[in-house]
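**Q** Structural data only, the sequence is not supplied:
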(Lines give C-alpha, C1' and ligand atoms only; values in the text may rest on other atoms or scores of the structure.)
Protein backbone atom coordinates (compact mmCIF):
# COMPACT_ATOMS: atom_id res chain seq x y z
CA UNK A 1 0.00 0.00 0.00
CA UNK A 2 1.40 3.37 -1.00
CA UNK A 3 1.89 6.27 1.34
CA UNK A 4 -0.90 8.84 1.44
CA UNK A 5 -0.20 12.54 1.89
CA UNK A 6 -1.24 13.46 5.47
CA UNK A 7 -3.31 16.38 4.12
CA UNK A 8 -5.88 13.80 2.91
CA UNK A 9 -6.28 12.04 6.26
CA UNK A 10 -9.50 12.72 8.15
CA UNK A 11 -9.57 13.23 11.92
CA UNK A 12 -10.37 10.00 13.73
CA UNK A 13 -14.02 10.83 14.44
CA UNK A 14 -14.70 11.64 10.78
CA UNK A 15 -13.00 8.67 9.14
CA UNK A 16 -15.33 6.57 7.01
CA UNK A 17 -16.56 3.14 8.08
CA UNK A 18 -15.95 0.56 5.38
CA UNK A 19 -19.15 -1.27 6.36
CA UNK A 20 -21.95 0.23 4.27
CA UNK A 21 -25.53 0.91 5.28
CA UNK A 22 -27.50 1.36 2.07
CA UNK A 23 -30.33 3.85 2.17
CA UNK A 24 -33.83 2.56 2.62
CA UNK A 25 -36.47 5.20 2.42
CA UNK A 26 -34.80 7.96 0.41
CA UNK A 27 -37.77 8.61 -1.85
CA UNK A 28 -37.76 8.13 -5.61
CA UNK A 29 -40.18 10.63 -7.15
CA UNK A 30 -41.60 10.05 -10.63
CA UNK A 31 -41.85 13.38 -12.47
CA UNK A 32 -43.54 12.02 -15.61
CA UNK A 33 -46.71 13.96 -14.75
CA UNK A 34 -44.81 17.20 -15.46
CA UNK A 35 -44.26 16.14 -19.06
CA UNK A 36 -47.82 14.99 -19.73
CA UNK A 37 -51.26 16.63 -20.03
CA UNK A 38 -52.28 14.88 -16.79
CA UNK A 39 -50.89 17.80 -14.78
CA UNK A 40 -53.72 19.94 -16.21
CA UNK A 41 -56.41 17.31 -16.66
CA UNK A 42 -55.77 15.57 -13.35
CA UNK A 43 -54.45 18.08 -10.82
CA UNK A 44 -54.52 15.36 -8.16
CA UNK A 45 -51.58 13.69 -9.96
CA UNK A 46 -49.53 16.88 -9.55
CA UNK A 47 -50.71 17.26 -5.96
CA UNK A 48 -49.38 13.77 -5.24
CA UNK A 49 -45.92 14.67 -6.58
CA UNK A 50 -45.89 17.92 -4.59
CA UNK A 51 -46.79 15.98 -1.45
CA UNK A 52 -44.05 13.41 -2.06
CA UNK A 53 -41.41 16.09 -2.54
CA UNK A 54 -42.53 17.99 0.54
CA UNK A 55 -42.30 14.85 2.68
CA UNK A 56 -38.88 13.98 1.24
CA UNK A 57 -37.54 17.49 1.90
CA UNK A 58 -38.83 17.37 5.47
CA UNK A 59 -37.78 13.81 6.35
CA UNK A 60 -34.51 13.50 4.43
CA UNK A 61 -33.47 16.71 2.71
CA UNK A 62 -32.70 14.36 -0.22
CA UNK A 63 -34.70 12.55 -2.88
CA UNK A 64 -34.21 11.00 -6.31
CA UNK A 65 -36.17 11.86 -9.44
CA UNK A 66 -36.93 9.65 -12.45
CA UNK A 67 -38.72 10.47 -15.73
CA UNK A 68 -37.36 13.96 -15.22
CA UNK A 69 -37.35 15.06 -18.86
CA UNK A 70 -33.57 15.40 -19.28
CA UNK A 71 -32.61 13.39 -22.40
CA UNK A 72 -30.42 10.40 -21.54
CA UNK A 73 -28.11 11.20 -24.47
CA UNK A 74 -27.23 14.57 -22.91
CA UNK A 75 -26.16 12.91 -19.68
CA UNK A 76 -24.17 10.27 -21.56
CA UNK A 77 -22.52 12.90 -23.73
CA UNK A 78 -21.20 14.97 -20.83
CA UNK A 79 -20.08 11.91 -18.86
CA UNK A 80 -18.14 10.56 -21.84
CA UNK A 81 -16.45 13.93 -22.44
CA UNK A 82 -15.68 14.22 -18.71
CA UNK A 83 -13.94 10.83 -18.70
CA UNK A 84 -11.84 11.88 -21.70
CA UNK A 85 -10.81 15.13 -20.02
CA UNK A 86 -9.72 13.53 -16.73
CA UNK A 87 -7.87 10.71 -18.54
CA UNK A 88 -5.35 13.26 -19.86
CA UNK A 89 -1.92 13.74 -18.28
CA UNK A 90 -1.82 16.24 -15.44
CA UNK A 91 0.29 18.68 -17.47
CA UNK A 92 -2.59 19.03 -19.96
CA UNK A 93 -5.28 19.53 -17.32
CA UNK A 94 -3.36 22.19 -15.39
CA UNK A 95 -3.31 24.40 -18.49
CA UNK A 96 -6.77 25.52 -17.34
CA UNK A 97 -6.05 25.29 -13.63
CA UNK A 98 -8.16 27.65 -11.55
CA UNK A 99 -6.76 30.09 -9.00
CA UNK A 100 -7.88 33.07 -6.93
CA UNK A 101 -8.31 35.18 -10.09
CA UNK A 102 -9.54 32.54 -12.53
CA UNK A 103 -11.86 30.70 -10.15
CA UNK A 104 -13.28 28.32 -12.79
CA UNK A 105 -11.59 25.40 -14.50
CA UNK A 106 -9.50 22.46 -13.29
CA UNK A 107 -8.41 21.88 -9.69
CA UNK A 108 -7.02 18.96 -7.70
CA UNK A 109 -6.25 20.35 -4.24
CA UNK A 110 -9.67 21.32 -2.90
CA UNK A 111 -10.29 21.20 0.85
CA UNK A 112 -13.50 20.50 2.77
CA UNK A 113 -13.46 21.35 6.49
CA UNK A 114 -9.74 22.05 6.02
CA UNK A 115 -8.94 18.48 4.92
CA UNK A 116 -7.93 17.79 1.33
CA UNK A 117 -10.47 15.90 -0.79
CA UNK A 118 -9.44 12.78 -2.76
CA UNK A 119 -10.65 14.08 -6.13
CA UNK A 120 -10.02 16.33 -9.10
CA UNK A 121 -12.66 18.65 -10.53
CA UNK A 122 -13.58 20.86 -13.47
CA UNK A 123 -15.98 23.75 -12.80
CA UNK A 124 -17.95 25.94 -15.21
CA UNK A 125 -20.76 28.42 -14.64
CA UNK A 126 -24.15 28.32 -16.36
CA UNK A 127 -24.03 32.02 -17.23
CA UNK A 128 -20.80 33.14 -18.86
CA UNK A 129 -19.67 35.54 -17.61
CA UNK A 130 -21.13 35.26 -14.12
CA UNK A 131 -21.26 38.48 -12.10
CA UNK A 132 -20.16 38.31 -8.44
CA UNK A 133 -18.92 40.76 -5.78
CA UNK A 134 -15.28 41.78 -6.11
CA UNK A 135 -14.64 40.99 -2.45
CA UNK A 136 -16.29 39.69 0.69
CA UNK A 137 -16.15 43.09 2.42
CA UNK A 138 -19.66 44.47 3.08
CA UNK A 139 -18.82 48.03 2.05
CA UNK A 140 -17.21 47.05 -1.25
CA UNK A 141 -19.88 47.49 -3.95
CA UNK A 142 -17.61 46.57 -6.87
CA UNK A 143 -18.37 43.48 -8.95
CA UNK A 144 -16.21 41.25 -11.14
CA UNK A 145 -16.86 38.73 -13.90
CA UNK A 146 -16.10 35.03 -13.64
CA UNK A 147 -15.26 33.55 -17.05
CA UNK A 148 -15.23 29.88 -17.97
CA UNK A 149 -11.99 28.25 -19.08
CA UNK A 150 -12.25 25.46 -21.64
CA UNK A 151 -9.64 22.83 -22.50
CA UNK A 152 -8.53 22.11 -26.05
CA UNK A 153 -9.28 18.42 -25.47
CA UNK A 154 -11.73 16.90 -25.75
CA UNK A 155 -13.12 19.37 -28.32
CA UNK A 156 -16.70 18.24 -27.68
CA UNK A 157 -16.58 19.02 -23.93
CA UNK A 158 -17.68 22.65 -24.23
CA UNK A 159 -20.81 21.90 -26.26
CA UNK A 160 -21.69 18.90 -24.10
CA UNK A 161 -21.43 21.04 -20.96
CA UNK A 162 -23.50 23.87 -22.42
CA UNK A 163 -26.31 21.57 -23.59
CA UNK A 164 -26.35 19.68 -20.29
CA UNK A 165 -26.50 22.90 -18.26
CA UNK A 166 -29.48 24.13 -20.30
CA UNK A 167 -31.41 20.92 -19.61
CA UNK A 168 -30.56 20.90 -15.90
CA UNK A 169 -31.55 24.54 -15.54
CA UNK A 170 -35.04 23.70 -16.87
CA UNK A 171 -35.29 20.82 -14.39
CA UNK A 172 -34.22 23.06 -11.50
CA UNK A 173 -36.94 25.59 -12.24
CA UNK A 174 -39.51 22.76 -12.26
CA UNK A 175 -38.19 21.43 -8.95
CA UNK A 176 -38.25 24.89 -7.36
CA UNK A 177 -41.89 25.21 -8.44
CA UNK A 178 -42.73 21.89 -6.79
CA UNK A 179 -40.87 22.87 -3.62
CA UNK A 180 -42.68 26.22 -3.52
CA UNK A 181 -46.05 24.48 -3.91
CA UNK A 182 -45.12 22.02 -1.15
CA UNK A 183 -44.56 25.00 1.17
CA UNK A 184 -47.99 26.40 0.28
CA UNK A 185 -46.51 29.17 -1.87
CA UNK A 186 -47.25 30.14 -5.50
CA UNK A 187 -45.26 27.99 -7.95
CA UNK A 188 -43.18 30.89 -9.27
CA UNK A 189 -42.26 32.28 -5.84
CA UNK A 190 -38.52 31.70 -6.23
CA UNK A 191 -38.09 32.27 -9.98
CA UNK A 192 -37.05 35.91 -9.75
CA UNK A 193 -34.02 35.14 -7.60
CA UNK A 194 -32.37 33.21 -10.46
CA UNK A 195 -32.55 35.87 -13.19
CA UNK A 196 -28.80 36.56 -12.97
CA UNK A 197 -27.96 33.24 -11.39
CA UNK A 198 -24.56 32.18 -10.06
CA UNK A 199 -25.23 28.49 -10.76
CA UNK A 200 -22.35 26.24 -11.72
CA UNK A 201 -21.67 22.67 -12.77
CA UNK A 202 -18.82 20.51 -11.50
CA UNK A 203 -17.31 17.46 -13.16
CA UNK A 204 -15.90 15.24 -10.40
CA UNK A 205 -13.33 12.46 -10.77
CA UNK A 206 -12.47 10.30 -7.76
CA UNK A 207 -9.45 8.08 -8.52
CA UNK A 208 -8.99 4.77 -6.68
CA UNK A 209 -7.65 5.44 -3.18
CA UNK A 210 -5.17 3.09 -1.45
CA UNK A 211 -6.56 4.04 1.99
CA UNK A 212 -10.34 4.45 1.72
CA UNK A 213 -10.57 4.07 5.51
CA UNK A 214 -8.58 7.29 6.07
CA UNK A 215 -9.59 9.66 3.26
CA UNK A 216 -12.83 10.93 1.70
CA UNK A 217 -13.65 12.00 -1.83
CA UNK A 218 -15.46 14.96 -0.28
CA UNK A 219 -15.57 15.53 3.45
CA UNK A 220 -18.80 16.08 5.37
CA UNK A 221 -20.54 19.28 4.33
CA UNK A 222 -23.82 20.97 3.48
CA UNK A 223 -24.44 22.71 0.16
CA UNK A 224 -24.59 26.49 0.51
CA UNK A 225 -26.84 27.20 -2.50
CA UNK A 226 -30.52 26.60 -3.15
CA UNK A 227 -30.65 23.17 -4.79
CA UNK A 228 -28.18 20.52 -5.97
CA UNK A 229 -28.96 18.05 -8.76
CA UNK A 230 -26.45 15.18 -8.89
CA UNK A 231 -25.78 12.65 -11.62
CA UNK A 232 -23.55 9.78 -10.50
CA UNK A 233 -22.19 6.68 -12.20
CA UNK A 234 -22.83 3.09 -11.11
CA UNK A 235 -19.92 3.02 -8.64
CA UNK A 236 -21.67 5.04 -5.95
CA UNK A 237 -20.11 6.62 -2.89
CA UNK A 238 -22.49 9.39 -1.83
CA UNK A 239 -23.45 9.12 1.84
CA UNK A 240 -26.18 11.12 3.59
CA UNK A 241 -26.35 11.76 7.32
CA UNK A 242 -29.75 10.41 8.30
CA UNK A 243 -31.71 13.00 10.29
CA UNK A 244 -33.39 10.43 12.56
CA UNK A 245 -30.22 8.96 14.09
CA UNK A 246 -27.15 10.67 12.58
CA UNK A 247 -26.04 7.46 10.83
CA UNK A 248 -24.18 7.75 7.50
CA UNK A 249 -26.29 6.10 4.79
CA UNK A 250 -25.07 5.17 1.28
CA UNK A 251 -27.30 6.33 -1.59
CA UNK A 252 -27.50 3.47 -4.07
CA UNK A 253 -27.20 4.62 -7.72
CA UNK A 254 -30.44 4.41 -9.69
CA UNK A 255 -30.22 4.18 -13.48
CA UNK A 256 -31.02 7.50 -15.22
CA UNK A 257 -32.06 9.16 -11.97
CA UNK A 258 -30.89 12.43 -10.44
CA UNK A 259 -30.26 12.83 -6.73
CA UNK A 260 -31.68 16.10 -5.42
CA UNK A 261 -30.75 17.78 -2.18
CA UNK A 262 -32.03 20.88 -0.47
CA UNK A 263 -29.35 23.53 0.08
CA UNK A 264 -28.84 26.05 2.86
CA UNK A 265 -30.74 28.78 0.99
CA UNK A 266 -33.95 26.70 0.92
CA UNK A 267 -33.44 26.03 4.62
CA UNK A 268 -33.46 29.80 5.20
CA UNK A 269 -36.23 30.59 2.69
CA UNK A 270 -38.44 27.93 4.30
CA UNK A 271 -37.53 29.15 7.81
CA UNK A 272 -36.33 25.62 8.61
CA UNK A 273 -39.46 23.84 7.39
CA UNK A 274 -36.88 22.05 5.23
CA UNK A 275 -33.27 21.52 6.25
CA UNK A 276 -30.04 21.16 4.36
CA UNK A 277 -28.44 17.85 5.34
CA UNK A 278 -24.80 16.87 5.76
CA UNK A 279 -23.39 14.50 3.16
CA UNK A 280 -19.99 13.19 2.06
CA UNK A 281 -18.38 11.01 -0.60
CA UNK A 282 -16.60 7.73 0.05
CA UNK A 283 -13.80 6.46 -2.17
CA UNK A 284 -12.69 2.89 -2.82
CA UNK A 285 -9.40 1.19 -3.57
CA UNK A 286 -10.40 -0.48 -6.84
CA UNK A 287 -12.66 1.67 -8.99
CA UNK A 288 -12.61 5.30 -10.05
CA UNK A 289 -15.87 7.21 -9.75
CA UNK A 290 -17.39 10.07 -11.75
CA UNK A 291 -20.22 12.39 -10.78
CA UNK A 292 -21.71 15.68 -12.01
CA UNK A 293 -23.44 18.00 -9.54
CA UNK A 294 -25.39 21.04 -10.77
CA UNK A 295 -25.49 23.76 -8.10
CA UNK A 296 -28.55 25.99 -8.60
CA UNK A 297 -27.69 29.35 -7.04
CA UNK A 298 -29.43 32.76 -7.12
CA UNK A 299 -28.10 36.11 -8.34
CA UNK A 300 -25.22 37.63 -6.38
CA UNK A 301 -27.37 40.55 -5.20
CA UNK A 302 -29.96 38.25 -3.60
CA UNK A 303 -30.64 38.99 0.06
CA UNK A 304 -31.37 35.58 1.56
CA UNK A 305 -33.95 35.63 4.34
CA UNK A 306 -36.98 33.63 5.49
CA UNK A 307 -40.00 34.05 3.21
CA UNK A 308 -42.49 36.45 4.78
CA UNK A 309 -45.37 34.09 3.98
CA UNK A 310 -43.73 31.41 6.15
CA UNK A 311 -43.10 33.59 9.19
CA UNK A 312 -45.48 34.92 11.82
CA UNK A 313 -45.58 36.05 15.42
CA UNK A 314 -45.71 32.40 16.46
CA UNK A 315 -43.06 31.38 13.92
CA UNK A 316 -40.67 34.36 13.73
CA UNK A 317 -37.74 34.51 11.30
CA UNK A 318 -34.92 32.21 12.38
CA UNK A 319 -32.22 33.91 10.30
CA UNK A 320 -30.88 37.40 9.81
CA UNK A 321 -30.78 38.39 6.13
CA UNK A 322 -27.47 37.90 4.35
CA UNK A 323 -26.09 38.79 0.94
CA UNK A 324 -25.65 35.66 -1.19
CA UNK A 325 -22.84 37.06 -3.35
CA UNK A 326 -20.73 38.04 -0.35
CA UNK A 327 -21.38 34.63 1.19
CA UNK A 328 -20.37 32.90 -2.06
CA UNK A 329 -17.08 34.72 -2.57
CA UNK A 330 -16.16 34.18 1.09
CA UNK A 331 -16.72 30.44 0.67
CA UNK A 332 -14.86 30.31 -2.65
CA UNK A 333 -11.81 31.94 -1.11
CA UNK A 334 -11.30 28.94 1.17
CA UNK A 335 -10.77 26.67 -1.85
CA UNK A 336 -7.33 28.14 -2.39
CA UNK A 337 -5.92 28.20 1.11
CA UNK A 338 -6.34 26.33 4.36
CA UNK A 339 -8.22 28.43 6.91
CA UNK A 340 -7.31 28.89 10.57
CA UNK A 341 -11.00 29.07 11.45
CA UNK A 342 -14.19 27.46 10.16
CA UNK A 343 -15.48 28.89 6.90
CA UNK A 344 -18.67 31.01 6.87
CA UNK A 345 -21.86 28.98 7.52
CA UNK A 346 -25.55 29.86 7.62
CA UNK A 347 -25.72 29.15 11.33
CA UNK A 348 -23.64 32.32 11.77
CA UNK A 349 -26.83 34.17 10.75
CA UNK A 350 -29.22 32.13 12.87
CA UNK A 351 -31.27 34.19 15.31
CA UNK A 352 -30.94 32.76 18.78
CA UNK A 353 -31.61 35.68 21.11
CA UNK A 354 -34.03 38.59 21.40
CA UNK A 355 -31.19 40.99 20.65
CA UNK A 356 -30.55 39.13 17.40
CA UNK A 357 -34.19 39.47 16.43
CA UNK A 358 -33.99 43.22 16.83
CA UNK A 359 -31.03 43.26 14.41
CA UNK A 360 -32.70 41.00 11.86
CA UNK A 361 -32.75 43.69 9.20
CA UNK A 362 -28.95 43.88 8.99
CA UNK A 363 -27.11 42.15 6.17
CA UNK A 364 -23.52 41.20 5.55
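**A** Looks like it arrived, so ask away. Source: prediction; values computed, not measured.
**Q** Can you tell me the closest non-neighbouring residue to residue 4?
**A** Nearest residue to residue 4, sequence neighbours excluded (C-beta to C-beta, 6 or more residues apart in numbering): residue 211, at 4.9 Å. Heads up, the C-betas are built off the backbone N, CA and C, glycines and all.
**Q** Now the one you found: which helix or strand?
**A** Per DSSP states H and E: residue 211 is located in neither a helix nor a strand.
**Q** That one contacts residue 6, correct?
**A** No. Counting by C-beta atoms under 8 Å, residue 211 stays clear of residue 6, with 11.1 Å between them.
**Q** May I ask you to confirm that residue 138 is in contact with residue 327?
**A** No. Here residue 138 lies out of contact with residue 327, judged by C-beta under 8 Å, at a distance of 11.2 Å.
**Q** ok, back up a step: more neighbours: which of residue 211 and residue 6?
**A** Between residue 211 and residue 6, counted using other C-beta atoms under 10 Å, the more crowded position is residue 211 (16 against 9).
**Q** What distance do you get for that one to residue 150?
**A** Distance, residue 211 to residue 150, using C-beta to C-beta, to the nearest Å: 34 Å.
**Q** Then residue 277?
**A** Look at residue 277 and residue 150: by C-beta to C-beta, they are 33 Å apart.
**Q** if you count what's nearby, which of those two comes out ahead?
**A** Ranked by neighbour count (other C-beta under 10 Å), residue 277 and residue 150 place residue 277 first, with 19 against 16.
**Q** so the more buried one, which of the three states?
**A** Here residue 277 is recorded as coil under DSSP: H, G, I helix; E, B strand; the rest coil.
**Q** need the contact list for it.
**A** 60-62, 222, 240-241, 243, 261-262 (C-beta atoms under 8 Å, 6 or more residues apart in numbering).
**Q** From those residues, which land in strands?
**A** 62, 240-241, 261-262 (DSSP state E).
**Q** Give me the buried subset of these.
**A** Listed as buried from those are 62, 240-241, 261-262; burial here means 16 or more other C-beta atoms under 10 Å.
**Q** hmm, back to that, present the contacts of residue 277 as JSON lines; the columns should include distance to residue 101 and pLDDT.
**A** JSON lines is the format used below for the contacts of residue 277 (distance: C-beta to C-beta, whole Å; pLDDT from 0 to 100):
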{"residue": "60", "distance to residue 101": "39", "pLDDT": "94"}
{"residue": "61", "distance to residue 101": "35", "pLDDT": "95"}
{"residue": "62", "distance to residue 101": "35", "pLDDT": "95"}
{"residue": "222", "distance to residue 101": "27", "pLDDT": "95"}
{"residue": "240", "distance to residue 101": "35", "pLDDT": "93"}
{"residue": "241", "distance to residue 101": "35", "pLDDT": "92"}
{"residue": "243", "distance to residue 101": "40", "pLDDT": "87"}
{"residue": "261", "distance to residue 101": "30", "pLDDT": "96"}
{"residue": "262", "distance to residue 101": "32", "pLDDT": "97"}
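**Q** which one of those residues sits closest to residue 14?
**A** Lowest distance from residue 14 to these (C-beta to C-beta) belongs to residue 241, with 11.4 Å.
**Q** separation between the closest residue to that closest one other than its chain neighbours and residue 304?
**A** Spatially, and ignoring its direct neighbours in sequence, residue 241 is nearest to residue 278 (4.1 Å; C-beta to C-beta, 6+ apart). Per C-beta to C-beta, residue 278 is found 20 Å from residue 304.
**Q** Next, the buried residues of the host helix or strand of residue 167.
**A** Assigning secondary structure by DSSP H and E places residue 167 in helix 157-182. For helix 157-182, a neighbour-count test (16+ other C-beta under 10 Å) marks 157, 160-162, 164-165, 167-169, 171-182 as buried.
**Q** Average pLDDT for it, rounded please.
**A** On average, the pLDDT along helix 157-182 is 98.
**Q** I'd like to know which elements that helix is packed against.
**A** Helix 157-182 sits against helix 43-59, helix 72-86, strand 200-206, strand 227-232, strand 258-262, strand 289-296, with contacts defined as 3 or more C-beta pairs under 8 Å, 6 or more residues apart in numbering; DSSP states H and E.
**Q** can you rerun that using 7 Å?
**A** Identification of packing neighbours for helix 157-182 by 3 or more C-beta pairs under 7 Å, 6 or more residues apart in numbering; DSSP states H and E yields helix 43-59, helix 72-86, strand 227-232.
**Q** which of these sits most buried?
**A** Per-residue neighbour counts averaged over each of the helices and strands packed on helix 157-182 give the maximum for strand 227-232, namely a mean of 22 (mean count of other C-beta atoms under 10 Å).
**Q** Which pLDDT does the model give residue 75?
**A** For residue 75, the pLDDT comes out at 96.
**Q** Tell me who's in contact with the closest residue to it other than its chain neighbours.
**A** Leaving aside its chain neighbours, residue 75 sits nearest to residue 231 (5.8 Å; criterion: C-beta to C-beta, 6+ apart). Listed by C-beta atoms under 7 Å, 6 or more residues apart in numbering, the contact partners of residue 231 are 75, 258, 291-292.
**Q** Kindly report the same for residue 148.
**A** So residue 148 contacts 104, 124-125, 128 (C-beta under 7 Å, 6+ apart).
**Q** Nothing else from me, thank you.
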